[in-house]
Each structure stands twice: as C-alpha cells, then as structure tokens.
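> Dropping the sequence and predicted coords here.
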Amino acid sequence: MNRPNNQNSNTSVEAIKIFLIAGEPSGDFLGGRLMAALKRQVSFEVEFYGIGGECMQEEGLKSLVPIHDLSIMGIAEVVPKFLKLRRLVLKTANVINYLSPNMLITIDSPGFCFGVLKRVKKPNKMKRVHYVAPSVWAWRPGRIKKFAREFDHLLTLLPFEPKYFTSSGLPTTFVGHAVVESNLEGLDGIRFRERYKLAPNTPLLCVLPGSRLGEVRRHLKPFRDAVLLLRRNIPTLKIVVPTLSNLIHEIREEVKAWGIGVIVVEGQKEKFESMAASNVALAASGTVTLELAMMRVPCVIGYRVNLITSWLVRVLIRVKYANLVNILLDREVVPEFIQGNCSGKNLAVGLEKLFRDQDVYVAQQKAAEDAINLLRLKNQLPSDSAASTVLSLID
C-alpha cells in the first residue's frame with residue numbers, strides 16, 4: 001500500500017484499489033516492478049490486492065493463494081488440476097466482485113485470467129488491463145478478438161506486437177521488456193566464484209531447467225545426459241543449477257545422483273550471480289534466455305513439452321523459432337533443440353562448440369546485444385511506462 005507523501009492536507013482523495021493477478025514467477029516479477037513504479041508515480045493512496053509471488057508481496061501484496069498453485073503449463077498438465085483451478089477461479093472472482101476495484105490487471109496466464117473475467121461483474125468504473133500479449137504471432141491468432149472483447153488496454157513486451165491488436169480495436173502500448181531494467185549488465189560473477197572456490201579459469205556451465213515443476217522434470221534427464229557427455233571432453237567443467245524455493249528439494253535429490261558435485265543455489269540474487277559467473281548456459285526456453293542475453297552469456301536452448309501439448313503445438317505453431325533472441329532477430333543465433341531433438345547428445349555438441357570456438361561464442365554475444373536493444377524504450381523504463389499507461393486509464 002502506498003501512502004500519500006505530498007498531498008494537500010485539505011484535500012481528501014479516495015484510495016485507488018488495484019487488483020493484480022500473476023500466475024507464474026515471470027509475471028510476479030513484472031507485477032512487482034509495476035507496483036513499485038505505481039507507488040513512485042502517485043501522490044495518493046493505492047491499495048493492492050490479488051495473487052502474486054515474492055516480488056509482489058515485497059511491494060505490499062497479500063496473495064489470496066500461493067502463486068505456484070497457478071503455475072501450470074500445457075493442456076495435459078491442466079486437466080488433472082481442473083477442479084482445483086476452478087475453485088481458485090471462483091474464489092478470485094468472488095473477491096474481485098466484493099472489492100469492486102478501480103482496475104483489474106492480469107499478467108500473463110491468460111487461461112486462468114479469462115476464467116476469472118467470465119465471473120467478474122462489469123461495473124463501469126473498473127478498467128481491465130492485460131500485461132504481456134499472448135503470442136498470437138506464433139499461434140492461435142483467434143485470441144486477438146477475444147482479448148479485444150475483454151480488455152480496455154493491453155501492455156506488450158515486444159515491439160512488433162501492438163499492430164496485431166490495434167487493428168481489432170484494442171488500445172495497445174509497447175512498454176518495453178522488464179529484462180532491460182534488471183541491472184544484470186553490471187554483474188561480473190567474481191563474488192560467486194570466490195564464494196564457491198572456483199578459479200577464474202575454471203569452466204562453469206549454468207543449467208536452467210525451468211521455473212515450473214513439470215518443466216524441470218521433463219528437462220533434467222536430457223540436461224543431465226548433456227552434462228555428463230560434456231564432462232568427458234572437458235573434465236574440469238563445473239556445474240551450477242539455480243532454482244526456486246519450491247523446486248530446490250527435488251532438484252537437489254536429482255543432481256545428487258549425477259555424482260559430479262553440482263552446485264545448487266536458490267533465489268534471484270544467487271541465480272543472477274551464478275549466471276554472471278558462468279561461461280556458457282544450458283537453458284529451457286523462456287524469459288531466462290533474455291536474462292542470459294543481457295549478461296552476454298552464450299547459451300544452448302532445450303525444450304520439451306508433454307506429448308499431447310507437443311502434437312497440438314506442431315499443428316498450430318506459426319513461427320520458426322522458440323526463443324526470443326532468435327525471434328527478435330529472425331535468425332537462429334542461439335542453438336535450439338526442441339522436443340525430439342532435445343537429447344543429451346545434441347545439447348552436448350552445441351555446448352562444446354561454445355566452449356571451444358571463440359568466434360561462435362563472440363558472435364552470439366553480439367547478436368544478444370542487438371536483440372536486447374530492440375526491447376528498450378529511449379527515455380523510460382518499462383515499469384514506469386507500464387505504470388503511467390495504467391494511471392492514465394483510471395478516472
């Protein structure tokens with residue numbers, strides 16, 4: 001909650017109520033930054049309600065439910081949790097109807113958010129904003145009309161996205177990608193290496209299997225195979241696996257069986273320092289690829305989804321690449337190994353090339369810089385741009 005600090009004492013201003021829903025860690029990060037920016041920009045009281053994780057809770061949100069209850073990806077993964085998700089949808093909608101906030105901001109997780117929206121009354125004063133456009137340029141373009149019906153405004157992270165929605169009558173603003181204000185460029189990783197007694201010339205591989213339990217379970221086997229193959233040719237190689245608090249137990253148990261003394265770290269600070277300390281990364285496709293690009297850490301991407309989800313994606317997908325660096329540049333500068341190609345052998349070959357070939361290594365670093373520059377606004381941070389757009393919509 002933000003208290004007024006320069007409001008005229010003779011003027012009474014009713015508090016603004018904002019309800020936010022973030023369903024996964026990347027959305028929680030965006031939500032936390034947005035809340036902080038809103039508090040910076042207003043001189044009156046703002047009350048925050050909703051669902052979020054650690055970042056949003058640090059800014060004053062009391063989450064209705066744990067965020068990991070919503071962090072489910074893929075059709076086959078959702079089906080077993082249907083009844084639980086339905087109860088969460090009903091609970092969230094009931095709270096919104098009771099509070100009658102000035103604004104409802106949904107952040108990514110469109111499946112859950114649309115379920116809530118169907119059950120929320122539509123008082124004239126409540127504006128509906130969605131933060132993070134669905135990837136209609138990749139698949140299911142029919143979602144454009146659905147979003148145009150449900151929302152008053154859309155905030156996008158990618159510069160080419162607004163054109164897909166404005167043509168359908170949905171006001172849309174490119175606010176920039178949050179990764180550009182994450183202060184990752186200044187990290188050098190020296191403290192991390194000192195803390196774990198890693199010499200400056202020790203080759204270090206950062207393994208990032210995902211932020212959801214399902215992702216982690218699908219990726220750890222091919223990632224393990226890649227690591228063990230790579231160590232045959234680079235015997236001094238060390239491995240670090242950053243993860244979240246709700247995943248750390250499972251990951252520690254799994255990597256213990258690798259028998260190579262993997263370093264497992266927890267939390268955002270440790271994650272970013274371990275990434276900065278690494279020479280190369282092996283990552284599941286997602287926001288983390290942009291974080292690696294910010295730190296100029298070359299990487300190889302591997303990604304697997306459930307077989308049913310995979311079949312549907314193959315039928316519907318409309319883009320050539322999976323990770324955002326390649327999509328932004330429209331060429332494969334980061335090696336991608338998706339679904340059946342995500343094997344230990346393929347991943348190990350791609351990783352070894354980055355460790356061995358300096359030209360390939362530097363070329364990916366340069367391409368990463370080009371991609372990140374496309375995500376910047378000239379005069380404003382993404383969170384400030386998002387906050388100013390949100391505030392302009394409130395009467």
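Perfect, I can see it now.

> correct me, but Leu213 touches Leu247?
Yes: between Leu213 and Leu247 there is a contact under CB atoms under 8 Å: 6.3 Å. The way it works is simple: take the backbone N, C-alpha and C, and place the C-beta from them, glycine included.

> okay, the two: which has more neighbours?
Legend: neighbour count by other CB atoms under 10 Å for Leu213 and Leu247, higher for Leu247 (21 against 18).

> Now do the phi/psi pair for that one.
phi -110, psi -10 (degrees, to the nearest 10).

> How about Phe44?
phi -130, psi 180.

> where's it relative to Ser392, distance?
Distance from Phe44 to Ser392, counting by CB to CB, to the nearest Å: 15 Å.

> quick one, which of these two is more surrounded?
Taking neighbours as other CB under 10 Å, Phe44 and Ser392 compare with Phe44 leading, 16 against 9.

> how much space between the more buried one and Gly52?
On the measure of CB to CB, Phe44 and Gly52 end up 22 Å apart.

> Once you drop chain neighbours, what's closest to the residue nearest to the spatial centre of the chain?
In the chain, the centroid-proximal residue (CA atoms, centre = their mean) is Ser26; its distance is 2.9 Å. For Ser26, ignoring the flanking residues on the chain, the nearest one in space by CB to CB, 6 or more residues apart in numbering is Thr287 at 4.7 Å.

> those strands in the stretch 251-395 of the chain, which residues are they?
Along the stretch 251-395 of the chain, counting by DSSP state E, counting those that start in this stretch, strands occupy 263-266, 280-284, 299-303, 336-338.

> Out of the ones you listed, which gets nearest to Ile234?
Evaluated with CB to CB, these place strand 280-284 nearest to Ile234, the distance being 10.2 Å.

> Note down every partner strand of the closest one and its orientation.
Next to strand 280-284 in the sheet, as set by DSSP bridges, lie strand 204-208 (parallel), strand 299-303 (parallel).

> Can you dump the C-alpha atoms of it in PDB for me?
Presented in PDB, the C-alpha positions along strand 280-284 are these (Å, rounded to 0.1, in the frame of the first residue of the first chain):
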ATOM      1  CA  VAL A 280      28.000 -20.900 -21.000                       C
ATOM      2  CA  ALA A 281      24.400 -21.800 -20.100                       C
ATOM      3  CA  LEU A 282      22.100 -24.700 -20.900                       C
ATOM      4  CA  ALA A 283      18.500 -23.400 -20.500                       C
ATOM      5  CA  ALA A 284      14.900 -24.200 -21.100                       C
END
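
> List the buried residues for that strand?
Neighbour counts over strand 280-284 (16 or more other CB atoms under 10 Å) mark Val280, Ala281, Leu282, Ala283, Ala284 as buried.

> So which of these is the closest to Phe192?
Ala281 (13.8 Å).

> Counting neighbours, what do you get for the closest residue to Gly176 other than its chain neighbours?
Once flanking residues are discounted, Gly176 sits nearest to Pro382: 3.5 Å by CB to CB, 6+ apart. Burial of Pro382 is recorded as 25 neighbouring residues (other CB under 10 Å).

> Surely Pro382 is in contact with Thr173?
No: using CB under 8 Å, Pro382 is not in contact with Thr173; the gap is 10.7 Å.

> Give me the residues contacting the helix or strand hosting Leu154.
Assigned by DSSP states H and E, Leu154 belongs to strand 153-156. Contact partners of strand 153-156, identified using CB atoms under 8 Å, 6 or more residues apart in numbering, comprise 127-133, 147, 162, 165, 170-175, 386, 389-390, 393.

> now swap in stretch 242-262 and tell me
Counting by CB under 8 Å, 6+ apart, residues outside stretch 242-262 touching it are 25, 68, 206-209, 211, 213, 216-217, 220, 224, 227-228, 231, 238-241, 264-267, 270-271, 274-275.

> tell me how far the ends of it are from each other?
11 Å (CA to CA, to the nearest Å).

> now swap in stretch 38-45 and tell me
End-to-end distance of stretch 38-45 (CA to CA): 10 Å.

> So which bits of that stretch are buried?
Buried-residue list, stretch 38-45, by 16+ other CB under 10 Å: Leu38, Lys39, Val42, Phe44, Glu45.

> Relative to Met294, which of those residues is nearest.
Looking across the buried residues of stretch 38-45 and measuring by CB to CB, the closest to Met294 is Leu38, at 24.2 Å.

> Secondary structure element for the closest one, which one?
Leu38 belongs to helix 25-41, assigned by DSSP H and E.

> And that helix, what does it pack against?
Applying 3 or more CB pairs under 8 Å, 6 or more residues apart in numbering; DSSP states H and E, one finds that helix 25-41 contacts strand 16-22, strand 46-51, helix 54-58, strand 103-107, strand 127-131, helix 382-393.
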